[in-house]
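A.B. asks: requesting a structural model of the entry that follows:
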Amino acid sequence: MTQPIAGRITEHFAQLKDPRIERTKRHQLLDIIVIAICAVICGADSWPEIEAFGKAKQPWLKQFLALPHGIPSHDTFWRVFARLDPQQFQQSFISWVQAISDLTQGQVIAIDGKTLRRSHDREQGQAAIHMVSAWATANRLVLGQLKVDQKSNEITAVPTLLRLLAIEGCIVRLDALGCQSEIAQTIVDQHADYVLAVKENQEQLYHDLKDLFEDAYAVGFREVPHDYHRSVSKGHGRLEIRQCWTLSDPDYLGYLRQAAKWPHLHSLAMVRAERRTATETTCESRYFITSLEGRAEQVLHAVRAHWSIENELHWVLDIAFREDESRLRKDHGPENFALLRHIALNLLKQDKSVALGLKGKRLKAAWDERYLLTLLSL
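C.D. replies: Predicted structure coming up:
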């Protein structure tokens, strides 16, 4: 096998435990994984398409894979990934991501969930699986993912995912469902900061924040120690003005009736977003608690950065990788294929050698074997 691939992909996935019994191992597990990664990069969205890719590229793949019995059938790909331990696969993925990336201090890590809508099986009483992902907004990388148990929700999955990640010095951004003191404690334990959105699901906290900021706003924040930042952006026929106020004085933190239960709570924030178009103007206020030291500019950046997990991860998975159309349902297959998409997305996002969008890069990888090899060596 060539050194570029051996130094990256295979180094971190070679230790996976093969789920097959010995007498059925006609194809090496690492061969199966590498073929699947290459195929998904090049546009494959199903096991038959992965087999078709492998057969079309067999002479090229033979240069660095063993392929003792040629290309596995689509049934073999399906059986292996349906049985492959997703936790082990995830650990290998996280190890690989940490090797190819260097998270900068203060980078925003967005945490959010996404449902694989067609992974349900009504006959078996199986609901569509829900995945929670961590997205490095500056590096544009998926850091990790975790399937939410059918009998649970994101609240229990998020701490487990966070404990798997190396996020020291980063800012973890979660929406209202993740506004839980246990999640905040997990973030602090990982030596990171948090910015948590507060909505009506935290009724007492929400109303305390709302009352506090409405009173301060009514007097123009006069005689209210605060920090302030404003940003303006134009595009798509609209003007957006965002303002952020932060309060970090202990007297104002003490206004919250349950302030003591939030670890390292240093600041409260209100973000007021005004949107103007040719026909209407809308305005919305949102509230946040954070372990940051009260810099409004930093808080506003973290709030805005969270949207990139929707625009650059979830939207891309649906549009470019057709994730919501996938009918994979059996055992661990849907979860493991979702991880294959994340591997492919990370490799494509990290490549800066060509001025093409994601679709163009996937097409180029399918056409140009040298370019595909370049992606695998990232």
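A.B. asks: average pLDDT for stretch 48-67?
C.D. replies: Stretch 48-67 carries an average pLDDT of 95.
A.B. asks: start to end distance for that stretch?
C.D. replies: 18 Å (Cα to Cα, to the nearest Å).
A.B. asks: at which residues are the strands of the stretch 201-350 of the chain located?
C.D. replies: Ranges of strands in the stretch 201-350 of the chain, per DSSP state E, counting those that start in this stretch, are 227-235, 238-247, 267-276, 281-290.
A.B. asks: mean pLDDT and distance to Lys17 added to those, as CSV?
C.D. replies: (Glycine included, C-beta is placed from N, CA and C.) Shown next, in CSV, are the strands of the stretch 201-350 of the chain (pLDDT from 0 to 100; distance: least, Cβ to Cβ, whole Å):
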stretch, mean pLDDT, distance to Lys17
strand 227-235, 93, 49
strand 238-247, 95, 48
strand 267-276, 96, 45
strand 281-290, 95, 41
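A.B. asks: got those as TSV, with distance to Glu154 and mean neighbour count columns?
C.D. replies: Listed next are those as TSV, based on distance: least, Cβ to Cβ, whole Å; neighbours: other Cβ atoms under 10 Å:
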stretch	distance to Glu154	mean neighbour count
strand 227-235	29	12
strand 238-247	26	19
strand 267-276	22	20
strand 281-290	18	17
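A.B. asks: where does the chain dip in pLDDT?
C.D. replies: Along the chain, segments meeting pLDDT under 70 span 1-8, 117-128, 150-152, 325, 327-330, 378.
A.B. asks: what residues sit buried inside the lengthiest helix in the chain?
C.D. replies: In the chain, with assignment by DSSP state H, the single longest helix is helix 333-350. Buried residues in helix 333-350, counted by 16 or more other Cβ atoms under 10 Å: 333-349.
A.B. asks: please pick out the residue of this protein most distant from its centre.
C.D. replies: Glu223 (41.0 Å; Cα atoms, centre = their mean).
A.B. asks: any idea how far that residue lies from Arg370?
C.D. replies: Distance check for Glu223 against Arg370: by Cβ to Cβ, to the nearest Å, it reads 66 Å.
A.B. asks: which residues sit against stretch 83-102?
C.D. replies: Stretch 83-102 has contacts (Cβ atoms under 8 Å, 6 or more residues apart in numbering) with 8-9, 11-13, 15-17, 19-20, 136, 139, 141-147, 164-166, 331-332, 335-336, 339, 342-343, 346, 350, 378.
A.B. asks: what is the neighbour count of Ala52?
C.D. replies: 15 (other Cβ atoms under 10 Å).
A.B. asks: correct me, but Pro68 touches Ile32?
C.D. replies: No - under the criterion of Cβ atoms under 8 Å, Pro68 is not in contact with Ile32, lying 11.9 Å apart.
A.B. asks: more neighbours: which of the two?
C.D. replies: Legend: neighbour count by other Cβ under 10 Å for Pro68 and Ile32, higher for Ile32 (23 against 10).
A.B. asks: show me what counts as buried in stretch 214-229.
C.D. replies: Ala216, Val224, His226, Asp227, His229.
A.B. asks: how about the fourth one: which residues does it bridge to?
C.D. replies: Think Asp227. On the basis of DSSP bridges, Asp227 is bridged to Thr246.
A.B. asks: wait, it touches Arg295, no?
C.D. replies: Yes - at 6.0 Å, Asp227 counts as touching Arg295 under the criterion of Cβ under 8 Å.
A.B. asks: which neighbours do the two share?
C.D. replies: Jointly contacting Asp227 and Arg295 under the rule Cβ under 8 Å, 6+ apart are Thr246.
A.B. asks: hmm, back to that, so can I have CSV of the strands of the stretch 201-350 of the chain showing distance to Asp175?
C.D. replies: Below are the strands of the stretch 201-350 of the chain laid out as CSV (distance: least, Cβ to Cβ, whole Å):
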stretch, distance to Asp175
strand 227-235, 20
strand 238-247, 17
strand 267-276, 13
strand 281-290, 10
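A.B. asks: mind listing what Tyr228 touches?
C.D. replies: Contacts for Tyr228 (Cβ under 8 Å, 6+ apart) come out as Phe221, Gln243, Cys244, Trp245, Thr246, Ala296.
A.B. asks: with Ile289 as the reference, measure out to it.
C.D. replies: 18 Å.
A.B. asks: the helix or strand where Gly144 lies vs helix 333-350, what angle?
C.D. replies: Assigned by DSSP states H and E, Gly144 falls within strand 141-148. Strand 141-148 and helix 333-350 are oriented at 170 degrees to each other (axes from the mean of the first three to the mean of the last three Cα atoms, to 10 degrees).
A.B. asks: who's in contact with the helix or strand containing Gly54?
C.D. replies: Using DSSP H and E, Gly54 maps to helix 47-56. Helix 47-56 has contacts (Cβ under 8 Å, 6+ apart) with 35-36, 38-40, 42-44, 61, 71-75, 77-78, 81.
A.B. asks: weed out the non-buried ones from these.
C.D. replies: For the contacts of helix 47-56, buried by 16+ other Cβ under 10 Å: 35-36, 38-40, 42-44, 61, 71-74, 77-78, 81.
A.B. asks: no further questions, thank you.
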